[in-house]
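> model this:
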Amino acid sequence: MRKDEDMSMEKIVFVIPNMTGGGTERVISLLSGEYVKRGIRVAVMQFAGYEHAYELDERVEDFAVAEQSKGNPLIWGRRILAMRRYFKKNPNCHIFAFCVMGAVFSVIATFGMKRRLLVAERNSPDSCNVKKLRNWAYRHAEVITFQTEDGISYFPQDIGRKAVVIPNPIDADIPARFEGERTKRIVTVGRLHKQKNQALLLEAFADFGKRCADYQLHIYGEGELEEKLKNRARELGIEKDVVWHGFSKRVKEEIVDSRMFVLSSDFEGISNSMLEALAMGIPTISTDCPIGGARVYMEEDVSGLLVPVGDRKALAEAMIRVAEDDALADRLSVGGAKLKDKYSTGSIAMRFLEAAGIHV
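Predicted structure coming up:
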């Protein structure tokens, strides 16, 4: 704790594995910055290593309690003891657990202590592989935030009664909508992971290229499937038209003039990259995946296009529509950009405070 901190001020402790380049980490960086501006003390507790893809406000207390465990119970023990020591030193803090295991470790670490726990469910609940453990931890929370109404339906009633729906914030500093001639570039942003199903996008892009020449597919993100996906691009004969960028801190500035953004996921909570693409006015296509996040934000043919999960043909056809129909592309651009004000960081930050019973 810094010497100049006022212990009478409210304090929020975000609990997260680490701050790598995912959508949840991006949301924490936005919310934490908003809260310190409002005079709330904020800490980001990383329990599985110390990594940063996004900068945090210098006023945010930022630390790690353990390294990645890789299933090692000794590291679990050290992690829980370090968390417990911290919560004893900060007995009146509000714990914001932004992942399932963050909720589990927080409940165990505060056993026998008074706690104020908010859990933020960030993905499709059906994708969790420790559902009984998750539900046990969620029952110890005061409130659980969901990104869509559909997400609540996956849980028993006693958990559902604690539910509050809060969408993701959109950074006010994203680039303004580009109004010139867009480049012949299709972009996607996300971890190279099975959930994101970039293989489907590669396949649809191969079909798209037979009708629409001179386009490139730009893929932003890192992950364990990178080599497998590059091999798939070679198999499809499109490797010269696919550009792999890895993680970029300037991704928004780099993609703002793209012809379209495509999200090909099998399931999502809400994709932050998709939201930001919409808000920047990039014509956006998304799979209509559980738990309905894209459907909540997009109005079909007005602010985006939805296609069935895993449907290569439908995805390619939607991409062709956006490439060939300038009026449609412009309509989607204008409609999507309206989200920027509706889901501002300030308004979403206030909804989390209200859910947690924090008054400032």
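> ok, residues contacting the longest helix seen in the chain?
Ranked by residue count under DSSP state H, the longest helix found in the chain is helix 73-89. Surrounding helix 73-89, the residues in contact under the criterion C-beta atoms under 8 Å, 6 or more residues apart in numbering are 1, 13, 15, 45, 47-48, 65-69, 93, 95, 105-106, 108-110, 113, 115. To be clear about C-beta, it is placed using only N, CA and C from the backbone, and glycine gets the same treatment.
> tell me the buried residues in the helix or strand hosting residue 27?
According to DSSP states H and E, residue 27 maps onto helix 23-37. Residues of helix 23-37 classed as buried by neighbour count (16 or more other C-beta atoms under 10 Å): 23-36.
> again with stretch 349-360
349, 350, 352, 353, 355, 356, 358.
> likewise for stretch 312-325?
312, 314, 315, 316, 317, 318, 319, 320, 321, 322, 323.
> by pLDDT, give me the weakest of the buried residues of helix 23-37.
Lowest pLDDT among the buried residues of helix 23-37: residue 23, with 82.
> now it. Nearest residue, chain neighbours left out?
Using C-beta to C-beta, 6 or more residues apart in numbering and skipping residues adjacent in sequence, the residue nearest residue 23 is residue 272, 3.5 Å away.
> dihedrals phi and psi, the one you found?
phi -60, psi -40 (degrees, to the nearest 10).
> what of residue 71?
phi 80, psi 10.
> hmm, back to that, from the buried residues of stretch 312-325, which ones fall inside helices?
Reading helices off the buried residues of stretch 312-325 with DSSP H, I get 312, 314, 315, 316, 317, 318, 319, 320, 321, 322, 323.
> pick the one among those closest to residue 220.
Of all those, residue 220 sits closest to residue 319, with 17.4 Å by C-beta to C-beta.
> how about residue 21, secondary structure?
coil (DSSP: H, G, I helix; E, B strand; the rest coil).
> tell me which residues touch the closest residue to it other than its chain neighbours, please.
In space, residue 21 comes closest to residue 53 once its chain neighbours are excluded; the distance is 3.5 Å by C-beta to C-beta, 6+ apart. Residues in contact with residue 53 (C-beta under 8 Å, 6+ apart) are 19, 20, 21, 22, 25, 247, 249.
> quick one: which of these is nearest residue 143?
residue 25 (21.4 Å).
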